[in-house]
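[1] Dropping the sequence and predicted coords here.
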Amino acid sequence: MSRKVLFHETGGPEVLKIEDVAVPEPKAGEVRIQVKAIGLNRAESMYRSGAYLIEPKFPAQLGYEAAGIVESVGPDVTDFAPGDAVSVIPAFNLHDYGLYGELVLAPTRAVVKHPASLSWNEAAAVWMAYVTVWGALIDIAQLGKGDVVLVPAASSSVGLAAIQVALSVGAVPVALTRTSAKAEELKKAGAAHVIATEEQDLVAEVQRITDGKGARVVFDPVGGQTFTKLAQATAERGIIFIYGALSPDPTPLPLIEVLGKSLTIRGYVLFEIAPDDAKLAKAKEFVLDGLTSGALRPQIAKLFPFDQIVEAHRYLESNVQIGKVVVTV
């Protein structure tokens, strides 16, 4: 028996329970991992609360990211062996696998041998953020030298990853944050400019930064009423990615800006990339190269022990963090 986090109803963090479960032997195409660290994601809190893209099946498991040691492998597995240090990419359905546990199963196509330079905590904080960013900014938008990219919710793990990825290809990341409280940290994280959207005129600041041209790419997980201002700040023929729905408010369609500037508004989720073996391979290569060179490095906001999974989820939803919330096992 091994301890795993389950929930039997949707709701707040308090619905999460640590229970003793039997973890099966790995089947073909699977490995069993002794978990050392778990990376928490907004998608998981949305799944837990019943606000995610898929509905939970009870008793429900959750957890997209973890790092640890391969304990055993399925009968056909040759790429991994017991003792390998690995981390896991969110390339599976939560109905099938969940990584909030001490001993977990994972499909081999979602498992990676990460650089030895990463700690367990850092390795658990890599894949959701960097693969999400790679798919939108590199694969689809072809972000390159001199491109200006707006990054709302820039202090999130995905926002910080977007800043690093943009810098790695010579682009200009502009971090958006509600107040100036996180401005200095965002500058230290590499943001070329920081705009506090509740204290500054977002559109005017972007026009100033871009000499009136606007940003070619916007990478927005929020939506809501600020979406119109983002469209106003976007360059002609620019692209706005909407990859999350963090705002509880309706998101308007800024029709005048869309028509007048021939904008592309692109709904996007990581799971466009995850099922595609060729794209997933390219994403792995890009991220591993960046981790090895040091151009990419996940930032940890706060650590919680496994027994405090409820408190960790509460902190995740507080929006005070800069970087990734990680649970140690």
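    All right, it came through fine.

[2] Please parse the protein into its domains.
    Domain assignment for the chain, taken from automatic domain parsing, gives 2-126+298-328, 129-271.

[3] pLDDT weak spots in the stretch 201-329 of the chain?
    Applying pLDDT under 70 to the stretch 201-329 of the chain flags no residue at all.

[4] can you pull out the strands in it?
    Remark: strands assigned in the stretch 201-329 of the chain by DSSP state E, counting those that start in this stretch are 215-220, 234-242, 264-267, 300-305, 324-328.

[5] With distance to residue 3 as added columns, please give those in a markdown table.
    The way it works is simple: take the backbone N, C-alpha and C, and place the C-beta from them, glycine included. Output for these, formatted as a markdown table (distance: least, Cβ to Cβ, whole Å):
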| stretch | distance to residue 3 |
| --- | --- |
| strand 215-220 | 37 |
| strand 234-242 | 37 |
| strand 264-267 | 37 |
| strand 300-305 | 12 |
| strand 324-328 | 12 |
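
[6] mind putting these in TSV, mean neighbour count and distance to residue 186 included?
    TSV is the format used below for the strands of the stretch 201-329 of the chain (neighbours: other Cβ atoms under 10 Å; distance: least, Cβ to Cβ, whole Å):
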stretch	mean neighbour count	distance to residue 186
strand 215-220	26	14
strand 234-242	21	19
strand 264-267	14	24
strand 300-305	16	13
strand 324-328	24	15
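
[7] out of those, which comes closest to residue 7?
    Nearest to residue 7, of all those, is strand 324-328, at 15.3 Å by Cβ to Cβ.

[8] List every C-alpha atom in that closest one, with coordinates, as PDB.
    Provided in PDB are the C-alpha atoms of strand 324-328 (Å, rounded to 0.1, in the frame of the first residue of the first chain):
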ATOM      1  CA  LYS A 324       5.900  27.100  -8.900                       C
ATOM      2  CA  VAL A 325       4.300  25.600  -5.800                       C
ATOM      3  CA  VAL A 326       6.000  22.300  -5.200                       C
ATOM      4  CA  VAL A 327       5.100  19.500  -2.700                       C
ATOM      5  CA  THR A 328       7.900  17.400  -1.400                       C
END
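
[9] Just the angle for it relative to strand 300-305, thanks.
    Strand 324-328 and strand 300-305 are oriented at 20 degrees to each other (axes from the mean of the first three to the mean of the last three Cα atoms, to 10 degrees).

[10] helices or strands up against strand 324-328?
    For strand 324-328, the contact count by 3 or more Cβ pairs under 8 Å, 6 or more residues apart in numbering; DSSP states H and E identifies strand 30-39, helix 120-123, strand 300-305, helix 309-316 as packing neighbours.

[11] And these: which comes nearest residue 47?
    helix 309-316 (11.1 Å).

[12] Which positions within that closest one qualify as buried?
    The neighbour-count check on helix 309-316 (16 or more other Cβ atoms under 10 Å) flags 309, 310, 312, 313, 315, 316 as buried.

[13] contacting residues around it?
    With contacts defined as Cβ atoms under 8 Å, 6 or more residues apart in numbering, helix 309-316 is touched by 5, 13-14, 16, 18, 40, 42, 44-45, 48, 100, 302, 304, 321, 325, 327.

[14] could the buried residues of helix 309-316 go into JSON lines alongside distance to residue 180?
    Compiled in JSON lines, the buried residues of helix 309-316 are given as follows (distance: Cβ to Cβ, whole Å):
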{"residue": "309", "distance to residue 180": "32"}
{"residue": "310", "distance to residue 180": "31"}
{"residue": "312", "distance to residue 180": "27"}
{"residue": "313", "distance to residue 180": "27"}
{"residue": "315", "distance to residue 180": "22"}
{"residue": "316", "distance to residue 180": "23"}
